[in-house]
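Peer 1: Sequence and predicted structure below; questions after.
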Amino acid sequence: MFQANIHQAKTNLSQLIQKAEAGETVIIAKAGKPCVQLTCIVKQQRKAGSLKKFSHSENTDISRILESDKETADLFEASSL
């Protein structure tokens, strides 16, 4: 957990956002009393190289793969492409 006062939060907002995106709890305090918690509302993107790899041929039925692998199916559904 990281706590900052309002002045520190204004000065270092980008760094506090990075901490929240990394999963750290960030508290902003007023007069030393915690009043706001900064949380990330967007899931972290996967790091390069962490995507699942699978081979397929032209005859691969992608729907069968998606039915058997919920995580991969969720990635397809979340894609903006």
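Peer 2: Perfect, I can see it now. Numbers count the residues shown, from 1 in each chain.
Peer 1: Tell me how far Gln18 lies from Val26.
Peer 2: 10 Å (C-beta to C-beta, to the nearest Å). All C-beta spots, glycine's among them, are computed from the backbone N, C-alpha and C.
Peer 1: between these two, which one's more packed in?
Peer 2: Val26 (22 against 13; other C-beta atoms under 10 Å).
Peer 1: Check what pLDDT the more buried one gets.
Peer 2: According to the prediction, Val26 has pLDDT 94.
Peer 1: now do Phe76
Peer 2: In this model, Phe76 carries a pLDDT of 63.
Peer 1: swap in Leu66?
Peer 2: 59.
Peer 1: swap in Asp61?
Peer 2: 61.
Peer 1: Where does the prediction get shaky in the protein?
Peer 2: For the chain, the stretches flagged by pLDDT under 70 are 43-69, 71-73, 75-81.
Peer 1: at 80 instead, please
Peer 2: Scanning the chain for pLDDT under 80 picks out the ranges 42-81.
Peer 1: In it, what residue spans correspond to helices?
Peer 2: 6-11, 13-21, 62-68, 70-78 (DSSP state H).
Peer 1: for the shortest one, packing partners?
Peer 2: Judged by 3 or more C-beta pairs under 8 Å, 6 or more residues apart in numbering; DSSP states H and E, the packing partners of helix 6-11 are strand 26-30.
Peer 1: Please name the strands paired to the strand it packs on in the sheet, noting orientation.
Peer 2: strand 2-5 (parallel), strand 33-38 (antiparallel) (DSSP bridges).
Peer 1: Out of those strands, which one sits most buried?
Peer 2: Comparing those by mean neighbour count (mean count of other C-beta atoms under 10 Å), strand 2-5 ranks first with a mean of 15.
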